[in-house]
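**Student:** The following block contains a protein sequence and its predicted model.
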Amino acid sequence: MSQSLHFFTPSSLTFSKQSLPKPSCNRRFPVTTLSPKLISIKASTSADPNSSTTPPQVLISDNGTGAGEILSSTPQDYDTPPSQSFLSDSSSIDVDAVTEVELKENGFRSTRRTKLVCTIGPATCGFEELQALAVGGMNVARINMCHGTREWHKRVIERVRRLNEEKGFAVAIMMDTEGSEIHMGDLGGASSAKAEDGEIWTFSVRAFDLPRPERTINVNYDGFAEDVQVGDELLVDGGMVRFEVIEKIGPDVKCRCTDPGLMLPRANLTFWRDGSLVRERNAMLPTISSKVGASDLFSVIEIGIFFFQVQKLPFTTSESLPFIKDWLDIDFGIAEGVDFIAISFVKSAEVINHLKSYIAARSRDSDIAVIAKIESIDSLRNLEEIIQASDGAMVARGDLGAQIPLEQVPSAQQKIVQICRQLNKPVIVASQLLESMIEYPTPTRAEVADVSEAVRQRADALMLSGESAMGQYPDKALAVLRSVSVRIEKWWREEKRYEAMELPAVGSSFSDSISEEICSSAAKMANNLGVDALFVYTKTGHMASLLSRCRPDCPIFAFTSTKSVRRRLNLQWGLIPFRVSFSDDMESNLNKTFSLLKARGMIKSGDLVIAVSDMLQSIQVMNVP
Ligand SMILES: Nc1ncnc2c1ncn2[C@@H]1O[C@H](COP(=O)(O)OP(=O)(O)O)[C@@H](O)[C@H]1O
Ligand SMILES: C=C(OP(=O)(O)O)C(=O)O
Ligand SMILES: [K+]
Ligand SMILES: [Mg+2]
């Protein structure tokens, strides 16, 4: 079968040099005046592309940016049940409601390219709070299985689903596993424990009866008392609180506090000797943790049988051992149909490969993406193979900063972001981006600089942790990420400050090579011609990710026919994912999307577009008719 690269402008869609619009910001529509609170304006609910273009209702919000902006619009009232337009019929198009208004009001160039992930916790688990985050630009909701029960997380997932169904959002769900490194117990229900300078605390592997004895901390790792030595430094949460080990008495380790502070439940523990992280038996801890309750026994046996029969794995203590608490959480994630599973403390590609085959065997359409969290010193040694095996990576700076000297974290971040882009995997920069906003309504200047640097590195996504999970200002923190992202992206685009990155070939077949060449040429043409948007028609999302990888100046409208692919694309830089049914006939796809988008006011005649597709490998340049 021959594959050819088509460059054609259909006669109906030809353009002359003069008809090319000059790229400029905010040139398409006037910016609407803002209201400080959420209001909805009623209008026609028709999504019929041929109906007269009644303006759809809008949800207007000043969400703390000061500048204010229209944030969301759907063809339905936010307070009414879902209208026909959100049902996936062949004559409709699903688009992120927030993006729709952004496009309408501020034009293509103003859309945010950097994606935003919010950790959901007690501060944001309610439907209203989740909706506020979605309106504020949350692309992915992360649930952290370190905290809360499966029932708690299930309710969050249900609410996000309901939000998507009823309000037209496409928020994806990322489940983050607990992982197996050493950490403290849950403090018997207390929200924190304060250690003062010079106090003697006991860290013990014994389980205590409640109430927890004073100045006692339970440790989750049985080998802890044997591994530490008198004189070692014990760091809680990467150094937020420090202790010196002064005595070992059986399972109890007595420590003197040298740096006082607040210890949070399940805080991570590391110990250091002569200035180096101690890698004793804890280095052998499986990546996937093994804490499990008696009620889970049946599932445990089932998981064991899977790995014994399908993987033919011996039951050893190597990190391939698939036990147990994390696997039960993974089963939960698969059953709930989450979009991403993030694996904590990945040490090698092996565990990622096992998880991927486990998912493939257990979930029917196997479209859960696996994200490797780079947070252990071992993962830095195997970076390329881990990222290659994964569907994406997270720079988990919280724990990473406890495993390598803090001053090495920025260069590690830069390297991880770069490798991910080269290997065409989305990358999330996580932890402490706006840490002070857990307590305060404005970030520090240093935090803004840190966020800017991640945006400048062109990471796919930024993540909030405590700021959105349990902070006092989750919406404001999200607004800061949003406004800093948009501002820095614009600045770098206008000043062309970014260095072009060498992008090696990633595919293995000739057809893959064609797709890569098409995407890099299309992105280059888009920049040179100053087009308004790139359109990509993609079944699996691969072609969209290849375009995203090129980080073009204009936004990328990614059209896909399944909701799950659309949600997954929501993590990737610059992609505006739409769900629409399409055929193999590009001309009819283009005509259909043009009329649907025109009817919704998201494009207009004369807009210049470059379209590519993974059905027919071609590049088409055209003005919207
Ligand atoms: N599901 C939850 N239930 C209760 N508290 C949570 C939950 N998720 C997150 N948190 C709180 O938010 C903080 C920050 O979240 P995160 O960074 O994900 O976890 P960690 O601090 O354990 O790395 C946690 O330390 C915890 O106090
Ligand atoms: C994101 C991280 O992981 P977690 O919050 O699960 O510890 C981190 O360590 O930075
Ligand atoms: K975790
Ligand atoms: Mg971590």
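**Tutor:** On my side now, so go ahead. Numbers count the residues shown, from 1 in each chain. Ligands and ions are numbered 1, 2, ... in the order given.
**Student:** Surely V621 and L529 touch.
**Tutor:** Yes - the criterion here is CB atoms under 8 Å, and V621 meets it with L529 at 7.1 Å. (C-beta placed from N, C-alpha, C; glycine too.)
**Student:** Are there residues contacting both of the two? Which ones?
**Tutor:** Counting by CB atoms under 8 Å, 6 or more residues apart in numbering, the shared contacts of V621 and L529 are L608, I610.
**Student:** which one of those two has more residues nearby?
**Tutor:** Neighbour count, other CB atoms under 10 Å: between V621 and L529, V621 has more, with 20 against 15.
**Student:** So the more buried one: helix, strand or coil?
**Tutor:** strand (DSSP: H, G, I helix; E, B strand; the rest coil).
**Student:** What confidence value was assigned to it?
**Tutor:** Note on V621: pLDDT of 96.
**Student:** for the strand or helix carrying W201, packing partners?
**Tutor:** For W201, the host element (DSSP states H and E) is strand 200-204. On a contact count with 3 or more CB pairs under 8 Å, 6 or more residues apart in numbering; DSSP states H and E, strand 200-204 meets strand 216-218, strand 241-249, strand 252-259.
**Student:** how does it look with 7 Å?
**Tutor:** strand 216-218, strand 252-259 (3 or more CB pairs under 7 Å, 6 or more residues apart in numbering; DSSP states H and E).
**Student:** which non-adjacent residue is nearest W573?
**Tutor:** Leaving aside its chain neighbours, W573 sits nearest to D460 (4.3 Å; criterion: CB to CB, 6 or more residues apart in numbering).
**Student:** Kindly state the pLDDT recorded for the one you found?
**Tutor:** Listed pLDDT for D460 reads 98.
**Student:** what's the domain layout of this protein?
**Tutor:** Using automatic domain parsing, the domain parsing of the chain gives 6-25+504-623, 39-110, 115-180+333-495, 187-284.
**Student:** Could you tell me which residues of this structure lie near ligand 4?
**Tutor:** E375, A396, G398, D399 (CB under 5 Å from the ion).
**Student:** what residues are up against the first one?
**Tutor:** When you say that, I think you mean E375. With contact taken as CB atoms under 7 Å, 6 or more residues apart in numbering, E375 is in contact with S344, F345, A396, D399, L400, Q403.
**Student:** restrict those to contacts with ligand 3.
**Tutor:** Contacts with ligand 3 within the contacts of E375, counted by CB under 5 Å from the ion: S344.
**Student:** how about the residues of the chain that lie near ligand 2?
**Tutor:** Proximity of the chain to ligand 2 is confined to 144, 146, 176, 344, 373, 375, 396-399, 430-431, 465 under the rule CB under 6 Å from any ligand atom.
**Student:** Next, check those against the strands and list the overlap.
**Tutor:** Among the residues of the chain next to ligand 2, the ones falling in strands (DSSP state E) are N144, D176, K373, A396, A430.
**Student:** Any chance of CSV for the residues you listed, columns neighbour count and pLDDT?
**Tutor:** Below are these laid out as CSV (neighbours: other CB atoms under 10 Å; pLDDT from 0 to 100):
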residue, neighbour count, pLDDT
N144, 20, 96
D176, 27, 97
K373, 26, 97
A396, 28, 97
A430, 29, 98
